[in-house]
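K.L.:
I need the structure of the sequence given here:
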Amino acid sequence: QISSLLKPRDVILLSGVVKEIWTPPHVNDITIVGCAGEPRQATDSGNPNGGGATWLNLGTVASPLIHVASYATDFPSQGWRFKNIFFNNAGAAACVRMDRKITGSDSSWCRFEECLFTGADKGIETGEILGLIVDKCEFVDFVGAGDTGISGTIAGGIANPPYLRWEIKNCRFI
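P.N.:
Model (predicted):
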C-alpha cells in the first residue's frame, strides 16, 4: 500500500491506468507525475491499452478520485502537485477535491500542470484553499447542470477571495 510509505517530497510516477478512489495520508509536498507524452485516456472500452497516465473512477462511485483532505487532528496535506495526468470521474463528484478548514493545516498550496479533466461533475473542487495554481490544463465536457471545471466554495470567512492567491493560466475550457 503506497499510502503508508509516503514521506514529504516524494515523487510518484504514474504510468498506465489507475482505477481507484483515494484519500491519501496527511503528508506534505507530494508530486504525482504522469509518464506519458500527453495526458490521455489510455483505455479501449475501459480496458488499459498500454502507456498513458490515466486516473479513472471504479465505476460511478460518487466520490472524488483523489481527496486531499484536511483532518480534524490538524495534520497537513499541503503542497501537492499533479502533472500530466488524465482525470476522468464518471461518478457525481470532482476529479480532485482539496479542503480548507478554519484552524490548523489544510490542503492549500496545490498545483496542477498539463492535466486533462473530464467527468460527470467537477474537475477541481476546493474550499477556500490558498495558493492554488492551475497551469496548461484542459477541462472538457462539464456541461450538465452544476458541472464546473474548477469550483471553489467561499464560506466561513476564512479568507477573502483577493487573498486566496489563485492562478488559473494557459488553460482551456471546452
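K.L.:
can you pull the contacts of residue 172?
P.N.:
Contact partners of residue 172, counting by CB atoms under 8 Å, 6 or more residues apart in numbering, are 137-139. From N, CA and C alone the C-beta is placed, and that goes for glycine too.
K.L.:
please pick the buried ones from these.
P.N.:
Those of the contacts of residue 172 that meet the buried threshold are 137-139, by 16 or more other CB atoms under 10 Å.
K.L.:
now, those that are in strands?
P.N.:
Those of these mapping onto strands are 138-139, per DSSP state E.
K.L.:
from the buried ones among the contacts of residue 172, pick the one nearest residue 9.
P.N.:
Nearest to residue 9 among the buried ones among the contacts of residue 172, counting by CB to CB, is residue 137 at 23.0 Å.
K.L.:
for the chain, give me the ranges with low pLDDT.
P.N.:
For the chain, residues meeting the criterion pLDDT under 70 lie at 1-3, 70-76, 101-105, 154-163.
K.L.:
how about the secondary structure of the residue nearest to the spatial centre of the chain?
P.N.:
The centre of the chain sits closest to residue 96, judged by CA atoms, centre = their mean, with a distance of 2.9 Å. At residue 96, secondary structure determined by DSSP: H, G, I helix; E, B strand; the rest coil is strand.
K.L.:
for residue 59, see how far away it is.
P.N.:
18 Å (CB to CB, to the nearest Å).
K.L.:
likewise residue 125?
P.N.:
Separation of residue 125 from residue 59 (CB to CB): 20 Å.
K.L.:
for the residue nearest to the centre of the chain, give me its contacts.
P.N.:
Per CB under 8 Å, 6+ apart, neighbours of residue 96: 64-68, 82, 87, 112, 117, 123-125.
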